[in-house]
Structures are given as structure tokens and as C-alpha cells.
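K.L.:
here is a sequence with its predicted model. Questions after.
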Amino acid sequence: MASTNDDERLSVSVYLLKKAKTAEAKKSFKNFSKKKTYTLSEEFPDGRFFAMPAEPQPPGWLNAISELLGPNQVPKLTSQFPGALLWVPYNGRTFVFAFGNGHTKVKDEWVVPDFGKVVALSVVSQVQVRGMRAEQVFAKRHIADERAPMASEIREFGFEADRDLVAAVEGVPDKGFQEIFGKRVRGGTSFKFDLDLSRVPRTLHAMAERYDSNDHQLRWPQANNFVLVRDPVAVKRLDAQLGRCLATKQSGQLISLSAPREVNGDKPYPQYFVIGRLTSAPARTPYLALAGWEGYLASRKASMDLQAARATRVHLLDDEIREIGSCSIYECLGYEASLKGTTYVLSAGNWYAASNQFIVDTNAKLANLGMPIHPLTAWNGKHYEGDYNKSACAIDHELWLFDKELVHFGGGASRFEYCDIMHRPSRTLYFVKHPSGSAGVSHLCEQVRRTAEAFFSPDSGYRKKLAERIEKIGKGWETTWLQSRPKRHEWNLCLVLMGKELNDLPFFAKCGIARLLGELERGGYNVTFQAV
């Protein structure tokens with residue numbers, strides 16, 4: 001076959017099927033194509049082509065607009081979204097090429113979830129990135145989707161390796177791969193690129209070779225801090241932990257919901273959700289919430305458990321209220337678990353483990369934290385944070401108590417603590433927290449960030465507000481030290497945990513502190529730690 005130029009390439013999404021799901025997928029494709037399949041050329045003896053015809057239908061918005069039109073003024077408009085699937089077995093694996101709307105017929109549970117991402121990371125360098133989609137899996141869970149107008153370095157994106165699970169990456173492949181994959185690729189669950197039909201066998205070989213090469217780990221070590229869990233025994237144990245959490249009253253604080261398509265960005269994003277049966281006039285919501293699922297189960301006198309999570313369907317609708325897919329509630333759950341000292345996260349129906357190197361690097365970074373020049377007194381194991389801070393300052397009169405002394409600064413009603421305790425002679429600011437949960441450690445890190453940003457700023461506005469607050473406290477503390485900008489290397493920021501050493505913290509809390517430590521050290525700050 002003759003070679004094609006870039007204009008003749010076809011946009012395609014390629015999925016790698018799980019071996020255990022190939023028969024189920026093939027049966028479903030036959031049904032969608034009305035049991036009519038087409039054989040491929042002799043190059044692909046077991047290959048099949050499935051056409052996915054679509055009936056012309058009026059667009060969903062036409063009925064709404066018709067109410068604004070006069071009698072007999074409603075136009076006859078129809079839209080059609082056909083698609084096709086190319087089924088190609090290759091070296092013991094089955095690849096599915098989706099064209100047009102064909103990707104809507106591929107179920108998430110049939111495919112290898114990290115196939116496209118692995119291939120993309122193995123051909124795109126860290127300086128040729130066009131887009132990055134990541135899920136923040138520690139602390140405040142959210143999904144970020146960033147795009148650049150031209151190929152850029154990864155450091156120009158907001159991706160944080162110690163916090164984010166990479167869902168998809170888009171970029172320009174290295175020149176050695178452009179003949180096969182074209183000049184732009186995107187990898188999430190599927191691998192998207194512009195296909196040269198004259199090179200399908202070579203393309204299959206290249207995708208399989210890239211997926212098996214492990215080059216993605218060498219080229220992008222920071223994007224592989226979370227590893228897909230493939231051990232069914234480990235998955236079963238992790239699911240058991242999730243089931244126990246669902247049965248508790250704290251589940252709403254520990255579990256988040258988002259549709260798989262929102263996470264991996266592999267298919268059109270849903271605009272509305274329907275939990276349960278899809279009727280002609282369903283009750284739809286613009287977002288997913290655990291309370292919505294809980295209410296659905298309550299109406300059926302069912303319990304919120306793992307079995308119900310797998311059995312409850314969520315229908316995904318576009319902005320014209322058309323169904324673009326469905327999944328189970330289980331595939332929408334976000335959750336953190338720990339097993340044998342390793343932290344795991346559930347995302348888009350798959351469990352991911354923090355890699356061993358990630359754990360080693362994080363612990364090594366925290367091990368470098370030294371003690372403060374002026375240590376605080378020991379905690380009695382009974383006092384709350386406020387009481388401990390007061391007692392520490394009562395014992396040592398060189399300590400100034402700033403706990404709950406809020407400084408109003410910034411737009412609106414912005415106000416925050418300067419620190420909990422200050423030791424003026426050693427220029428040490430102490431930030432004290434009892435780490436009862438992830439929120440406590442996150443709050444601690446954020447407090448340190450805000451103080452560092454405002455107190456050491458070239459703008460003296462915050463320091464003037466702080467001086468005013470000190471005068472209102474009325475303890476006679478002098479404020480001349482606030483009249484000039486403080487030098488970072490002359491001050492010390494000390495993180496203080498009540499009743500816990502750093503090694504006692506959950507891994508996700510360690511990651512938050514390690515990330516803060518890296519930011520501050522790069523900024524020239526002195527950071528110490530004390531467990532009281």
C-alpha cells in the first residue's frame with residue numbers, strides 16, 4: 001500500500017482489551033452492528049469491522065426551542081452520529097480501533113485502563129507536552145485539565161507529582177515515532193492519534209512494543225508515582241476496606257464521587273447524571289454526590305455497601321439530555337486505603353498503589369527535617385491545641401502566643417493566624433497542630449504557606465496589619481522588627497505535631513508535608529520539625 005500524508009490520516013482511538021473480556025466485548029459489538037460484520041484483508045486473518053449505524057433523530061434542544069416558535073414554524077432538523085470499530089487481534093492481544101462515535105460502544109470494564117497513558121508517556125518527552133489531565137488524590141480531591149497553545153515543558157503545568165494521579169497526557173511524539181503516530185498523540189484509557197492506514201501492521205507492533213517497554217517509567221518517573229494494582233487478592237482486600245467505610249457514618253467525609261470520564265478524559269464529558277433506572281423523564285443532577293446515591297438506596301430500602309455500589313447504575317447524559325454512556329457507582333468512587341504499610345487510592349474503578357520509590361523518596365525528604373533551635377515543652381496528652389499553646393507560653397515567657405489572633409488582610413473577609421507561637425530571640429515561628437486527620441495536616445501546611453507568602457513579602461501591608469494586631473493584644477510587645485522586610489534565612493518555620501512523629505502519619509499526610517518542605521526550601525526558608 002502507498003504511504004499517506006498527514007492530511008490523509010484518520011483520527012482514531014485505540015483500546016487494548018482485557019483477555020477475560022474479549023468474548024463479551026465481541027458479542028456486544030455484533031449486537032450493536034445488527035450482527036453484520038465485515039472481514040478484513042489477508043493481513044489480518046481474524047480481524048473484523050463493525051459498523052455502528054445511527055438513526056437520524058431531532059436534536060434534543062429542538063423541542064425546547066419549538067415552544068418559542070409560531071404554529072407550523074418548527075423546522076425538521078435531524079442529526080446522526082455513526083461510528084465504527086476495527087477489531088484486530090495481534091500477538092495474543094486484541095486491539096479495538098474506534099472511529100467516529102464508535103468509542104461510545106466500548107465499556108470501561110472491558111479495556112486495560114492505563115494502556116493509552118503508558119504508550120503516550122513512552123513517546124512524548126517532558127518538553128513536548130500539549131495537555132495534562134490529573135486527579136488530585138490526596139487531601140482535597142479534584143480533577144485538573146490543562147492545555148497549552150503549543151508544546152511546552154511539564155513544569156509549566158500545575159501537575160504535582162506528590163499529589164496527583166496522571167489520567168491522560170497529550171503532546172508531540174519524538175521524531176522517531178511521528179512516521180507511525182503522526183504529530184500529536186493523547187493517551188488516557190485509549191491511545192489517540194492520526195492513523196496512517198498504510199501502516200496498520202507497523203502501528204500495531206509499535207503500540208505493543210511501547211506498552212511493554214517500560215520506557216514510560218524511565219522518561220516520566222514523576223508521572224508513575226501511582227501504579228495500577230493488578231493483584232486480585234490485593235484488590236479484594238482493598239475493596240473490603242472500602243465496604244467497611246461505606247457502612248460507617250464517616251463515609252461522606254472519606255469518599256468522593258466523579259464519573260470515570262471526568263477522571264480520564266477519554267470520552268465526552270457528561271453534563272448530567274441519573275442514578276438508577278433511566279426513565280423517559282428522569283430526575284437528573286449536574287453533579288454526583290454520595291448523598292444522592294444514599295437517597296436513592298433509601299427509597300428502595302437498601303443499604304449503602306459494596307454490592308450496591310457495583311449494582312447501582314449511573315447514566316451519563318450530554319447537554320442535550322442524550323445518554324452518552326453508563327457506569328456503576330463503584331466506578332465513580334474515590335477513596336484512600338492502606339494495606340501492609342502501602343497507601344492505595346481508588347480512581348475510576350481501579351486501585352492504584354503508591355510506588356516503592358515514591359514512598360522511599362518521601363520518607364527520605366522528611367528525614368532531613370531537624371529540631372528547632374528552641375524546642376517547645378512536651379504535650380501532656382490531654383490538652384487541646386489552644387490549651388497546649390497557652391500552657392507552653394505560660395511556662396516559657398520568651399514565647400509570644402498568637403493562637404486565635406487573626407490578622408485581617410487581603411480582599412473581602414480574609415483573615416488568618418500569623419502563627420501559633422513565636423520565639424522572638426531565635427526568630428522561630430511555630431505552627432502547632434493535633435493531626436487527627438488529613439484535614440488537620442492540610443490546614444497546617446496551608447497556614448505555613450500563607451504566613452510565608454505574606455510575612456516575607458516585599459509589600460509591607462501585611463506586616464503593618466500584624467503590628468496593629470499586636471498593639472491591640474495589649475501585652476506591650478514591641479513591633480520595630482516589623483518595620484523592615486524580614487530575611488528568609490534569618491527566620492525559622494517550625495511544624496509542630498502533638499502526639500505524633502512524622503513516621504506515624506498516613507502516607508498522604510506525609511506527602512503534603514514533603515511537598516510543603518520542597519516549596520519552602522526552594523524559596524530559601526529554614527524549616528524544622530518537632531513532635532511534642
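P.N.:
Cool, the structure landed. The structure displayed is predicted, hence computed values, not measured ones. Numbers count the residues shown, from 1 in each chain.

K.L.:
CA only for contacts and neighbour counts going forward, please
P.N.:
OK.

K.L.:
what residues does Phe191 make contact with?
P.N.:
13-15, 115-117, 119-120, 185 (CA atoms under 8 Å, 6 or more residues apart in numbering).

K.L.:
which PyMOL command selects the buried ones in those residues?
P.N.:
Applying 16 or more other CA atoms under 10 Å to the contacts of Phe191, the buried members can be selected in PyMOL as follows:
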select buried, resi 13+14+15+115+116+117+119+120+185
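
K.L.:
tell me the one among the contacts of Phe191 nearest to Lys107.
P.N.:
Nearest to Lys107 among these is Tyr15, at 10.3 Å by CA to CA.

K.L.:
picking up where we left off before, among the contacts of Phe191, which are in helices?
P.N.:
Residues from the contacts of Phe191 lying in helices, with DSSP state H as the criterion: 115-117, 119-120.

K.L.:
name the SS class of the nearest residue to Lys36 once chain neighbours are set aside, please.
P.N.:
Of all residues not flanking Lys36 in the chain, Lys30 sits nearest, at 6.6 Å (CA to CA, 6 or more residues apart in numbering). Three-state call for Lys30 (DSSP: H, G, I helix; E, B strand; the rest coil): helix.

K.L.:
could you list the low-confidence segments of the stretch 401-532 of the chain?
P.N.:
Low-confidence segments of the stretch 401-532 of the chain (pLDDT under 70): 410-414, 436-440.

K.L.:
which parts of it are helices?
P.N.:
Using DSSP state H, counting those that start in this stretch, the helices of the stretch 401-532 of the chain run over residues 438-455, 461-473, 507-522.

K.L.:
and the most centrally placed residue in the chain, its phi and psi?
P.N.:
Closest to where the C-alpha atoms of the chain average out (CA atoms, centre = their mean) is Glu135, at 0.8 Å. For Glu135, the backbone dihedrals are phi -110, psi 120 (criterion: degrees, to the nearest 10).

K.L.:
just give me the neighbour total for the closest residue to it other than its chain neighbours.
P.N.:
Using CA to CA, 6+ apart and skipping residues adjacent in sequence, the residue nearest Glu135 is Ile143, 4.4 Å away. Neighbouring residues of Ile143 were enumerated by other CA atoms under 10 Å; the total is 17.

K.L.:
quick one: what helix or strand has Ile143 in it?
P.N.:
Using DSSP states H and E, Ile143 falls within strand 142-152.

K.L.:
can you point out the buried residues in that strand?
P.N.:
Residues 143-145, 147, 151-152 are the ones in strand 142-152 that count as buried (16+ other CA under 10 Å).

K.L.:
pipe those into a markdown table and attach pLDDT and distance to Tyr296 per row.
P.N.:
Converted to a markdown table, those look like this (pLDDT from 0 to 100; distance: CA to CA, whole Å):
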| residue | pLDDT | distance to Tyr296 |
| --- | --- | --- |
| Ile143 | 80 | 25 |
| Ala144 | 81 | 29 |
| Asp145 | 85 | 31 |
| Arg147 | 89 | 37 |
| Ala151 | 90 | 45 |
| Ser152 | 90 | 45 |
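
K.L.:
nearest to Ile329, of those?
P.N.:
When the buried residues of strand 142-152 are ranked by distance to Ile329 (CA to CA), Ile143 comes first, at 17.9 Å.

K.L.:
spit out the contact partners of that closest one.
P.N.:
By CA under 8 Å, 6+ apart, the residues touching Ile143 are 133-136, 262-263.

K.L.:
if we go to 7 Å?
P.N.:
Contacts were defined as CA atoms under 7 Å, 6 or more residues apart in numbering; by that measure Ile143 touches 134-136, 263.

K.L.:
what is the lowest-pLDDT residue among those residues?
P.N.:
pLDDT is lowest at Val263 among the contacts of Ile143; the value there is 72.
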